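Engineer: what's the 3D shape of this:
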Amino acid sequence: MVEDMFRPIEPVRGNYPLEDGIVYSSRKELYPFSVSALEDYIPLVGEEKIEKVQRLAQKLKGIKVLEVNSCARGGGVAEMLRSQVPFMNQLGIEDEWKVICGKESFFQVTKEIHNLLQGKKGTITPHMLRIYQRTLIEVAQFHSEEHNKYSPDVEIVHDPQPFGLSRYLKEDKEKWLWRCHIDIEEETLESNPVLWQFFSSWVDFYNAAMFSGAHYVIHRWPLPKFISPPFIDPLSTKNRDLGFDEIAPVLEKYQIDSSIPLLVHIGRFDPWKGIDTSIKAYKLAREEVKCQLIIAGNMASDDPEGKGIFDKICEDTKGDPNLHVIILADDTEVNALEVNAFQRAARVILQPSTKEGFGLVITEAMWKKKPVITREVGSIPLQIRSGETGFFISSAKKAARRIVHLLNNPREAEMVGDKAHQYVREHFLMPDRIADYLRVFNQMVNDELDEDSIISYHPWYKLRKRRA
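Structural biologist: Got it, this is the predicted structure:
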């Protein structure tokens with residue numbers, strides 16, 4: 001059974017991050033959010049898996065971990081860290097979360113780098129390189145004293161924004177892991193020599209890298225590569241069960257008529273999210289069936305493109321009372337509850353992204369037993385088996401046909417939703433994926449390779465190539 005020593009830490013509400021970028025820290029007694037007790041996850045994943053997580057944590061007792069990313073709110077990384085960090089601490093591992101700060105010009109550069117990594121045409125200019133490097137030097141100087149005081153055993157750097165910090169902060173005894181969450185392809189890097197040189201020049205300062213899927217692995221990088229998909233916390237505000245008494249007030253707040261079948265698209269206002277396809281599909285579908293569409297997203301401090309995209313969507317869709325474009329609340333709990341309510345009220349979830357590192361919003365919708373219409377890109381095929389756990393489309397016209405079919409055949413939609421829920425239960429719940437992190441830590445700190453670990457020194461190929 002779960003040991004009594006593993007108890008959740010009660011959240012202490014307050015503003016975060018602090019001026020020094022700290023979001024969550026046991027040594028500073030900053031606990032702005034929490035997770036459920038370990039035993040509460042047993043009905044979802046089984047007692048054996050919880051006991052395995054505990055055994056792995058016992059091997060790592062006394063180590064300190066530092067997680068670094070670029071924003072405390074908005075996006076899948078922050079979403080996972082809100083559960084991952086307190087869950088680690090509940091296991092007895094001191095895990096601290098910090099965000100880096102930068103001027104708008106820095107985040108414009110990092111968003112452009114993000115887009116280039118996902119296949120946008122162009123390259124990194126010398127001016128962009130200067131802004132990136134200068135900002136990270138300033139960040140390192142600002143954090144160096146506090147970093148040395150904390151002295152983490154393992155540091156996890158999430159995504160490209162803080163990638164270069166390792167050069168300026170890493171101490172010999174520390175183990176640094178780069179966690180890549182985005183839709184990155186080796187062919188894209190190799191076809192852009194400046195981009196390749198930019199990223200490869202920092203790799204020597206890392207001990208390992210972790211990717212969301214095998215087809216993202218950069219095999220030419222001379223370091224251990226681990227593979228672990230993202231996850232959802234099934235007991236978080238965003239994913240827990242909701243009754244109609246909690247869903248109805250959210251719909252009323254945004255003047256959404258619950259009697260009209262609801263299509264929902266959730267995500268950042270981002271050029272890769274396929275928002276235009278969702279809107280076109282809705283307009284085509286409503287010619288045959290009665291329906292309405294919610295486009296809901298939030299702004300993130302590390303994404304300067306969002307406001308412009310939101311404004312354009314509002315301009316292009318004004319005048320349609322059944323098309324609701326919503327900026328979600330900054331308050332993370334309110335945001336999470338509203339997303340949960342929208343997804344549970346939906347008949348169909350639309351997420352036709354053109355690039356996607358994983359697509360946690362898809363995982364969330366599948367957990368809520370909703371049929372998802374999406375594209376066969378990135379790591380989405382790790383979640384969706386078309387016709388079984390969701391549906392792939394290649395155009396707005398095909399999405400519209402699928403919407404009409406699902407609205408006219410609710411029993412089929414229900415069957416797909418049930419399979420989707422079970423698939424998420426088996427593969428993408430937090431306790432399983434935290435075990436992956438603990439195995440990586442054990443390899444890095446104790447030089448022990450767990451029998452369930454995946455470590456790669458060999459090239460991997462795209463899903464479509466491996467299916468061929």
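Engineer: so who does the closest residue to I218 other than its chain neighbours touch?
Structural biologist: In space, and not counting its chain neighbours, I218 is closest to E186: 5.2 Å by C-beta to C-beta, 6 or more residues apart in numbering. For every residue, glycine as well, the C-beta is placed using N, CA and C. The contact partners of E186, by C-beta atoms under 8 Å, 6 or more residues apart in numbering, come to 217-220.
Engineer: do the same with G62
Structural biologist: Taking C-beta under 8 Å, 6+ apart, we find G62 in contact with no residue.
Engineer: tell me where the model's unsure across the stretch 251-400 of the chain.
Structural biologist: 300-304 (pLDDT under 70).
Engineer: gap between the two ends of stretch 274-293?
Structural biologist: For stretch 274-293, the first-to-last residue distance is 14 Å (C-alpha to C-alpha, to the nearest Å).
Engineer: list the buried ones in it?
Structural biologist: Neighbour-count burial for stretch 274-293, counted by 16 or more other C-beta atoms under 10 Å, picks out 274-282, 284-286, 291-293.
Engineer: distance from that stretch to the middle of the chain?
Structural biologist: 26 Å (C-alpha atoms, centre = their mean, to the nearest Å).
Engineer: try stretch 367-378
Structural biologist: So, by C-alpha atoms, centre = their mean, the centroid of stretch 367-378 is 15 Å from its chain's centroid.
Engineer: got a list of what the residue nearest the centre of the chain touches?
Structural biologist: For the chain, G76 is the residue whose C-alpha lies nearest the centre (C-alpha atoms, centre = their mean; 2.5 Å). Residues in contact with G76, defined by C-beta under 8 Å, 6+ apart, are 181, 230, 357-358, 360-361.
Engineer: go through those and flag which are in strands.
Structural biologist: Among these, no residue falls in strands (DSSP state E).
Engineer: what's the closest of those residues to V109?
Structural biologist: V109 has its nearest neighbour among the contacts of G76 in H181, at 18.4 Å by C-beta to C-beta.
Engineer: ok, that closest one - how many residues close by?
Structural biologist: The tally of other residues near H181 (other C-beta atoms under 10 Å) stands at 22.
Engineer: could you do the one 4 residues further on as well?
Structural biologist: Each residue near E185 was counted by other C-beta under 10 Å, and the total is 17.
Engineer: cool, N409 as well?
Structural biologist: Look at N409: counted by other C-beta under 10 Å, it has 11 neighbours.
Engineer: in three-state terms, label L44 for me.
Structural biologist: helix (DSSP: H, G, I helix; E, B strand; the rest coil).
Engineer: equivalent analysis for the one 5 residues further on, please.
Structural biologist: The three-state assignment at K49 reads helix, by three-state DSSP.
Engineer: where does it land on pLDDT?
Structural biologist: On pLDDT, K49 comes in at 95.
Engineer: residues in contact with the residue nearest to it when sequence neighbours are not counted?
Structural biologist: Using C-beta to C-beta, 6+ apart and skipping residues adjacent in sequence, the residue nearest K49 is P431, 5.6 Å away. With contacts defined as C-beta under 8 Å, 6+ apart, the neighbours of P431 are 41, 45, 49-50, 53, 87.
Engineer: equivalent analysis for I247, please.
Structural biologist: By C-beta under 8 Å, 6+ apart, the residues touching I247 are 341, 344-345.
Engineer: doesn't it lie inside a helix?
Structural biologist: Yes. Counting by three-state DSSP, I247 is part of a helix.
Engineer: now it. Nearest residue, chain neighbours left out?
Structural biologist: Leaving aside its sequence neighbours, I247 sits nearest to A341 (C-beta to C-beta, 6+ apart; 4.5 Å).
Engineer: any idea how far that neighbour is from K397?
Structural biologist: To K397, A341 is 30 Å away according to C-beta to C-beta, to the nearest Å.
Engineer: neighbour count: those two, which is higher?
Structural biologist: A count of neighbours by other C-beta under 10 Å puts A341 above the other of A341 and K397, at 22 against 14.
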